[in-house]
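K.L.:
Predicted structure and sequence below. I'll ask about it afterward.
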Amino acid sequence: MGAHAHTAHADHGAGHQHHHHEESFVSKYVFSQDHKMIGKQFLVTAIIMAWIAVIMSLIFRLQLAWPNEGFAFSNFFLGDKWAPGGVLDSNMYLALVTIHGTIMVFFVLTGGLSGTFANLLIPLQVGARDMASGFINMLSYWFFFMSSVIMVCSLFVEGGPASAGWTIYPPLSALPQAMPGSGTGMTLWLVSMTLFIASSLMGGLNYVVTILNLRTKGMKMTRLPLTIWAIFLTAVLGILSFPVLLSAALLLLLDRTVGTSFYLSDIHIAGEALENTGGSPILFQHLFWFLGHPEVYIVLLPALGITSEIISTNARKPIFGYRAMIGSILAIGFLSFIVWGHHMFVTGMNPFLGSVFVFTTLLIAIPSAVKVFNYITTLWRGNIVFTPAMLFSIGLVATFIAGGLTGIILADSALDIHVHDTYFVVAHFHIVMGMSAIFGMFAGIYHWFPKMYGKMMNTKLGYAHFWVTFVCAFGVFFPMHFIGLAGAPRRYYSYTEFTMFDGVVDLNVLVTFFAITGALAQVVFTYNFFYSVFRGPKAVQNPWRSNTLEWTTPVEHLHGNWPGPIPVVHRWPYDYSKPGKPEDWVSQITPLDPDEEEH
Amino acid sequence: MTKLLILIVVVLGILAVAQLARVYELTSKLRGKREEDISPADNRMNATLMWLFPFAYFGFFLWLVLAYKDKMLPLAASTQGVETDWLMNFNWAILIVVFVITNALLFYFAGKYVFSKDRRAHWQPHDNRLELAWTIAPAIVLAVIIIYGLNSWNRITTLASPDAMRIELYARQFDWTVRYPGADGVLGATDYRLINGNNPLGIVTPQALEARLAELKLEEHATDSLLHHTVQPASKVLELEERLGYLGRMRARLVNLRNVMDQDMKANGDASAYAHGADDVVTKEFMLPVHEEVNLQIRSQDIIHSAFLPHLRVQMNAVPGMTTVIKVTPSITSDSMRTHVMKDPNFNFILLCNKICGASHYNMQLPLTVVTGNEFVAWAKEANKKPFEVPAASPAPEAALPDSAVNIVDSTSMAQAATAGH
Ligand code: HEM
Ligand SMILES: [Cu+2]
Ligand SMILES: [Cu+2]
């Protein structure tokens, strides 16, 4: 292929010599500094963590559907202490929802999603030999690994793991007297999250530096694939907001251990007045959500970037409004820092301040809408190839629409008064964050699997996985809107103690059936993934006929990515079906024709 | 047993799917088909499903609406709730239109423009006029939503006039207590250090304060004599010493509070917040008069809870160390709910806890009864006869524990005193 012969200047050829030296097993697979291997390590760790969180959700879904009935399944995983006779204990119920949420939000959709695709794609798509610092990148993974291990260990301590909800609001999380999970379990949660934050900061700094400094010749910012733009913004959000969570966590740790009163005041618990005065539990919520809201975009943006890339490739059509897409990511990133108060409308916050947060929050819906319209227009008059990755990307657009719209209800403070902390919120964020981000992750896995493992995943199993997952996602989360509108609070162990929700609890049975079916679909995925890693058919270099740089590297991984010099980039990544071209794709490394306009 | 069978069937099902996939893989290898080449048949199948899916999706939505519309919350039972219900419906009307249109376009396009070798996608990388249009259109719709929303928000969050009745909802793991202001119409000051079995809300009155001081003194004595007149293991000694220190500091704070109280009462007489506690009514009976605007004052003893009255569309967090307030005007009595709206003689409004607070969070409830104005007056008259009361302090052993050893300025009790009387 003519284009591939076109190479960069000599200065890009550095780092070229060390391809050939032998690597030990440990330095190749364990303490690897190669970004592709680190990406795969993040992915496999995340898949394991995701399974832990899924099994937890099945246990508490069983309790919600058939309250106070015994299940061998629950007893098998929790034993007689937490599920005597298979009946889930109510403290354990809260512990499970807490750790489920923590693992899904942080370990799967932050560490797993960003860790996998930022590592895999940044050097490959910007045209770099590796991350700016391979060593720090490796540390980032091992901190993530340690933090995962500690979080999992916390499941086995005496009082059970942290149980105050993934938002760990004090004083509940600060006082071991308040619930058993606020003892050692909570301490381990904080330690684990501290390591997690460190990991995320090391990763994020590396991503930003690599994207800014190590782009190959010709790779202007306005020629970056949208995946990279999204990952770039994600990393910036993380760098600016995770330290705030770290401070919140450290202050909480101080309140828990040395008797400070940052979050505690005027508390009488377990028959005794505490001496803490002057602190405010609300302070914690401000700090938490200052991270917490950007965090939801940290989770979502990489998924949006991935789908932008995949939808364009598989619709064989340029992403519609490339610059508008970048603009909306930037707008979302900026706005996400000034909306956190929408989680706190009913904390007694000054109503005028509440109004300001209503305004900023609803502004975010504008760039979100722009993205949706651009996705839909990209499909319009496209030439759509339904790879499993494409299906998941279209699925993401659907979940993003549904969840974005319910966000508008929640952002309207007057309405939030009666849906706050109900199942309506659970429905909203699972659809807009949980499902969208996980669909983006699946899309990315199916799309870049050939790049990661040099093998192909099975397409038919991919179809089965998508359609069952897609239907189940709505089957699980859509009815929750109705349960919430009936007034049912979230984080309730059961709804049997009063008659108010008798009319809607049968929906819980339906939801649980969908949840079980959905989980089984993930068995199909996991099987397909691991089978294909070892036995899948061998991949070709550019299976999806894609324009971006990663597909110009050989199938076999090598340190430094390109065997020769790094290719030079001549055009944006979305020249699909460009008139006057022989193929319906033009690689970024193909020079412009003499009179060709860039887009 | 049936569940186990279901499980086995499902597992076998998965294995069957996997095997089918393998067979397919082998045959396609024989035919020379590569995994990344999506066959026209596969494309068509997925395109068809893309077209079918919205029918299932909208159908499910419609079914949920029709099947459950009567099981949603009944019409709001407060003036504020009636307003937000209208706002909610207004928002839904807009959002459902957008929901249907965007989803219809998404799935229609996805199914229609399926891949064909003989066709090229339309080349159109951008169109700034379109981008502008769909930036401005949502902006206008959102502006409308914001304006209506904030209008209601302002009306709802403006507190009832200071003359309106103020009723306290007090939360702790895992129950609610209600406090009415009693005959004088004003809630008295509180301090969490006064909380004990007789005074679950820590209301500050001279008598309650003395009683609590005496109680502390008693325990101090007991601890002191354990420490000094018996032989204890070293670890126990440490524990006792710590306890003694704690009791001393607690007592010091209360002595301080007593000084503050005395001064305030001297200065303000009957207007002092400390003069209003004695007749407060502390009860588990939650009664509200219909059509009367009241302020609900919400506090917590231990951790964050949230006072949630779904039927009245009221929610406000209970935050330890802080007093939050929300106004409500009930608009339907419990009786008319029972006879006219729900047609259920057992119906009750219910106060729920809506902030995770521990093992029994799911069962932290209190029924609310809304009655007519006259009924309420009658009820309050009876209730006021049984004000909160702390038995007079049992005479504490006089001992060498001088009150004066302490002089800590306690800002919290002062602040509490300042706000409690509103
Ligand atoms: C149109 C855009 C959106 C708006 C207006 C919006 C608005 C809101 C509001 C007001 C809440 C607080 C509700 C409450 O607690 O009562 C909320 C909760 C939440 N939102 Fe959104 N949202 C939007 C999009 C998103 C996106 C894109 C994500 C994630 C990717 C997301 C994730 C979440 C999460 C995780 C929560 C719940 C947190 C918790 O309490 O545990 N939202 N949203
Ligand atoms: Cu938010
Ligand atoms: Cu609670």
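P.N.:
Sure, I can see it. Ligands and ions are numbered 1, 2, ... in the order given.

K.L.:
Could you name the helices and strands sitting against the one helix or strand A:G204 maps to?
P.N.:
A:G204 is located in helix A:184-213, with elements delineated by DSSP states H and E. Here helix A:184-213 touches helix A:90-102, helix A:113-126, helix A:134-153, helix A:226-257, going by 3 or more C-beta pairs under 8 Å, 6 or more residues apart in numbering or on different chains; DSSP states H and E. For glycine as for every other residue, the C-beta is placed from the backbone atoms N, C-alpha and C.

K.L.:
close to ligand 1, is stretch B:101-121?
P.N.:
No - applying C-beta under 6 Å from any ligand atom, one finds stretch B:101-121 separated from ligand 1 by no less than 12.7 Å.

K.L.:
do the same with stretch B:142-155
P.N.:
No - Stretch B:142-155 is not in contact with ligand 1 by C-beta under 6 Å from any ligand atom; minimum separation 9.4 Å.

K.L.:
Show me what secondary structure element comes after the strand or helix carrying B:L26.
P.N.:
Assigned by DSSP H and E, B:L26 falls within helix B:2-30. Using DSSP H and E, the helix or strand that directly follows helix B:2-30 along the chain is helix B:40-68.

K.L.:
Which residue ranges of chain B form helices?
P.N.:
Ranges of helices in chain B, per DSSP state H, are B:2-30, B:40-68, B:79-112, B:128-157, B:206-229, B:234-268, B:334-336, B:373-384, B:411-420.

K.L.:
gap between stretch B:216-235 and the chain center?
P.N.:
Taking C-alpha atoms, centre = their mean, to the nearest Å, one finds the center of stretch B:216-235 at 43 Å from the center of the full chain.

K.L.:
actually stretch A:326-337, not the one I wrote
P.N.:
17 Å.

K.L.:
Quick one: mean pLDDT over it.
P.N.:
Average pLDDT, stretch A:326-337: 95.

K.L.:
any idea which of the helices and strands packed on helix A:184-213 is most buried?
P.N.:
helix A:113-126 (a mean of 27; mean count of other C-beta atoms under 10 Å in any protein chain shown).

K.L.:
now the angle between helix A:134-153 and it, please.
P.N.:
Counting by axes from the mean of the first three to the mean of the last three C-alpha atoms, to 10 degrees, helix A:113-126 points 160 degrees away from the direction of helix A:134-153.

K.L.:
okay, helix A:113-126 in PDB with CA atoms only?
P.N.:
Below are the C-alpha coordinates for helix A:113-126, written out as PDB (Å, rounded to 0.1, in the frame of the first residue of the first chain):
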ATOM      1  CA  LEU A 113     -12.600   2.200  30.700                       C
ATOM      2  CA  SER A 114     -10.100   5.100  30.800                       C
ATOM      3  CA  GLY A 115      -7.200   2.800  31.800                       C
ATOM      4  CA  THR A 116      -7.800   0.400  28.900                       C
ATOM      5  CA  PHE A 117      -8.500   2.800  26.100                       C
ATOM      6  CA  ALA A 118      -6.400   5.700  27.100                       C
ATOM      7  CA  ASN A 119      -3.400   3.400  27.300                       C
ATOM      8  CA  LEU A 120      -4.200   1.500  24.200                       C
ATOM      9  CA  LEU A 121      -5.200   4.300  22.000                       C
ATOM     10  CA  ILE A 122      -3.300   7.400  22.900                       C
ATOM     11  CA  PRO A 123       0.200   6.400  21.600                       C
ATOM     12  CA  LEU A 124      -1.300   4.400  18.700                       C
ATOM     13  CA  GLN A 125      -3.700   7.100  17.500                       C
ATOM     14  CA  VAL A 126      -1.500  10.200  18.000                       C
END
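
K.L.:
So which elements touch it?
P.N.:
Against helix A:113-126 (3+ C-beta pairs under 8 Å, 6+ apart) you get helix A:35-65, helix A:134-153, helix A:184-213, helix A:226-257, helix A:281-315, helix A:436-453.

K.L.:
For ligand 1, tell me whether the next helix or strand after the shortest one is touching it.
P.N.:
The helix or strand immediately downstream of helix A:436-453 is helix A:459-485, counting by DSSP H and E. No - judged by C-beta under 6 Å from any ligand atom, helix A:459-485 and ligand 1 are separated, with a smallest distance of 9.9 Å.

K.L.:
Need the mean per-residue confidence for helix A:459-485.
P.N.:
Mean predicted lDDT for helix A:459-485 stands at 96.

K.L.:
what inclination does it have with respect to helix B:40-68?
P.N.:
10 degrees.
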